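Q: need a 3D model of the sequence below.
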Amino acid sequence: MEFKKVVTIAEAEALVAEAPAVIAIDTEFVPGDPRTTQLLSVIISDDQRAWVCEPSLLPTLSPMIKSRDLIFMQDYNHCDTIILKQHGCDLTKSLVYNLIDMHHIINETAEHSLEKRVAETFNDDYKTRLKGQYTNLEYQGKDGIYTYRLGMLDLQALTEANCLNLYDHVRKTSLALLKTELEGIKINVDLLKSVKLETEKKIKEFLPLLREEFKGECDVWELKKWSEEIDKRTSDRGKQNVQRPEFNFASDTNLKTLLYGKEYLGLAIKEKTKKGNPSTSYDTLNGLVNKYPRIRNIVKYKEVKSIYGTFIKGLEERVENGRIYPHFNVSGTDTGRISHSNPNLANLPTDGPIRNFFIPDTGRSIVGADYSQLEVVVEANLTHDPNTLKIILDGASKHDITAHGLGIPRDVAKTLNFALQYGAGTDKVSKILAISRTEAQRVFDKYWDLYPGARRLKERTNKDVEQFGYVKNIFGRTRHFPKANNKFELFRQQRQAWNFKIQGPASDMTNMASYLIQDYLVSNDYGRLLFTVHDEVVCEVRNDYVQQSIQGIINCMGVPNAFLNLKYIVTCKPYGPLQYWSKT
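A: Presented below is the predicted three-dimensional model:
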């Protein structure tokens, strides 16, 4: 390998003259926000050579870089792309292959880090040996050269697997969301502050109510702790000065004792934290409230606190000059669904004012669309199940079909549908219906008799997992599974495989719609895509082009139907214009 520093304009011009048509690009920078961080160096490389360039030389190098036939990058969270763009080297129009996205398509379960892949593929531990030495010439040069080598290997693997079109789809999805990462989303800061104050007041008002409701348990806890502290003192004066402690519902330690302590509420432990302690999270307690109705107000308190910490205070901390700048990871899940961070837009509560914080820029409105029954339609196309077809063709309710077919109440049928759709077995049926396992097996069998097409697909999917260790979905993605060690692990894999068959194509249909919509809005100067959430696409458009934009969004969201050659098409429900994002 050959490493060379490029520090003068003459050296940069020489690099421009000899640079190969296919290169790898890497950057070294001060850790931090890629939009504002300090760029330390730009590494350009091929299979054997690496040129480590001073950032000041980018104006000389940029035209050459952007004109390459192909560029490989290890571009986690768009860091390198954003940094280079902020320094005048915009690669969004160039043909860039991101190693993380390429490798995720090849094997979504594999480790995608450069360090791990280099150690496994080339048996080079330079990242360990030179740990922390980011400006070391060998470290920087090898980062670039190995990015190139792995890129060539991944490109070959994608070609052999006939997945180049799938990569192009992922790349377009990534680029469509990059605009939001760079430009951000406007926030109604006044509303955010107002809701914050209201929620803080609500949290405080909960405490005396909880204290009164659990007065007996609080008294026992406080007297016990008080006695323990008194016993630690040796003098009479010291004992007299010990103040009675107050039970704190905001303390997870105190709450854990109240909930799970045998001398208190004595709840069965459902889930544990990473440290092995009984969980007191909202999600955990919400799953226990039907069995232990006395904790209902604690659950409500935890819900308000969770919303406050994550979606109000947490969002406020991310606001910069009235905007937030989220991250989107197109290779963050095994199904193809996009993962969000800073903040997680996919987890925002649909009820309440949280979504209303997100507003359009001046002179623009929020518009968007939801796919209607997206996963149900995907399932119908895969199974041709008679009862599933009744849902999408005749407007029947699956919950009504299940309730009538099994002779159970509709609300119980709804719970059963969600459970069995995503892999629940007879044990779960037994718990939901409060019946014996023998009777649950009969109900389980009768349930799948109602949906025979889905049962056949599930059986084929289960067999593929066990026999081949992978499954494919109709969008061309593959989900890999290691050899199961036991029946419980196999059951979990089969549940995930079914989810991948249905949710995977549904996610990719939304992804495809997102970049088609972005291209349509930007090319017509109507506006831009903001983000996608599950099967919803959210945009902001100019007020004078709302109707054109909505019609274009509808048209774009219909394209995936033809792409997948669906017999039963997915429709969408548009909305807007709105002056804030809201539940649709």
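Q: going forward, measure contacts between C-alpha atoms and count neighbours the same way
A: OK.
Q: please pull out the lowest mean pLDDT helix or strand from this protein.
A: Least confident helix or strand, the chain: helix 426-433 with a mean of 82, by mean pLDDT, DSSP states H and E.
Q: chain center to that helix: distance?
A: What separates the centre of helix 426-433 from the centre of its chain is 30 Å, taken as CA atoms, centre = their mean, to the nearest Å.
Q: so I43 lies in a helix, does it not?
A: No - counting by DSSP: H, G, I helix; E, B strand; the rest coil, I43 falls outside a helix, being strand.
Q: before we move on, back to that, for the least confident helix or strand of the chain, packing partners?
A: On a contact count with 3 or more CA pairs under 8 Å, 6 or more residues apart in numbering; DSSP states H and E, helix 426-433 meets helix 410-421, helix 437-450.
Q: only C-alpha atoms, please: export it in CSV.
A: The C-alpha trace of helix 426-433 is given here as CSV (Å, rounded to 0.1, in the frame of the first residue of the first chain):
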residue,chain,number,x,y,z
THR,A,426,-51.5,-21.6,21.6
ASP,A,427,-50.1,-20.4,25.0
LYS,A,428,-51.0,-16.8,24.0
VAL,A,429,-54.4,-17.9,22.9
SER,A,430,-54.9,-19.6,26.2
LYS,A,431,-54.0,-16.4,28.1
ILE,A,432,-56.1,-14.1,25.9
LEU,A,433,-59.2,-16.2,26.2
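Q: mean pLDDT lowest for which of the helices and strands packed on helix 426-433?
A: Lowest mean pLDDT within these: helix 410-421, at a mean of 84.
Q: put the alpha carbons of it into CSV.
A: Taking C-alpha atoms only, helix 410-421 is exported to CSV below (Å, rounded to 0.1, in the frame of the first residue of the first chain):
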residue,chain,number,x,y,z
ARG,A,410,-65.2,-8.3,18.9
ASP,A,411,-62.7,-6.6,21.3
VAL,A,412,-61.2,-10.1,22.2
ALA,A,413,-61.1,-10.9,18.5
LYS,A,414,-59.2,-7.7,17.9
THR,A,415,-56.6,-8.7,20.5
LEU,A,416,-56.4,-12.2,19.0
ASN,A,417,-56.0,-10.9,15.5
PHE,A,418,-53.0,-8.8,16.4
ALA,A,419,-51.4,-11.6,18.4
LEU,A,420,-51.8,-14.4,15.8
GLN,A,421,-50.9,-12.1,12.9
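Q: care to break this structure down by domain?
A: 2-161, 189-315, 326-375+506-578, 386-498 (automatic domain parsing).
Q: ranges for the helices of the stretch 351-500 of the chain?
A: Applying DSSP state H, counting those that start in this stretch to the stretch 351-500 of the chain gives helices spanning 374-383, 386-393, 398-406, 410-421, 426-433, 437-450, 452-468, 487-523.
Q: any regions of the protein where pLDDT drops low?
A: By pLDDT under 70, the low-scoring segments of the chain are 422, 584.
Q: what about the residue of the chain most remote from its centre, distance to V242?
A: No residue in the chain sits farther from the centre than D236, which is 58.7 Å out by CA atoms, centre = their mean. D236 is 10 Å from V242, where distance means CA to CA, to the nearest Å.
Q: again with D400
A: Distance check for D400 against V242: by CA to CA, it reads 62 Å.
Q: ok, back up a step: what's the closest of the helices and strands packed on helix 426-433 to F328?
A: Comparison of the helices and strands packed on helix 426-433 against F328 by CA to CA identifies helix 410-421 as nearest, at 27.7 Å.
Q: so what's the residue nearest the centre of the chain up against?
A: In the chain, the residue lying closest to the centroid (CA atoms, centre = their mean) is S339, at 2.2 Å. Counting by CA atoms under 8 Å, 6 or more residues apart in numbering, S339 touches 328-333, 346.
Q: what of T27?
A: 39-43, 80.
Q: mind checking the SS state of it?
A: Using three-state DSSP, the structure places T27 in strand.
Q: so what's it bridging to?
A: V42 (DSSP bridges).
Q: show me what contacts the closest residue to P452 other than its chain neighbours?
A: Leaving aside its chain neighbours, P452 sits nearest to D385 (6.3 Å; criterion: CA to CA, 6 or more residues apart in numbering). Going by CA under 8 Å, 6+ apart, D385 touches 451-454.
Q: can you say which of those residues are buried?
A: Neighbour counting over these (16 or more other CA atoms under 10 Å) leaves 451-454 as the buried ones.
Q: could I get those as JSON lines with distance to G266?
A: Shown next, in JSON lines, are the buried ones among the contacts of D385 (distance: CA to CA, whole Å):
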{"residue": "Y451", "distance to G266": "41"}
{"residue": "P452", "distance to G266": "43"}
{"residue": "G453", "distance to G266": "45"}
{"residue": "A454", "distance to G266": "41"}
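Q: any idea which of those is closest to K291?
A: Checking these against K291 by CA to CA gives Y451 as the nearest, at 30.4 Å.
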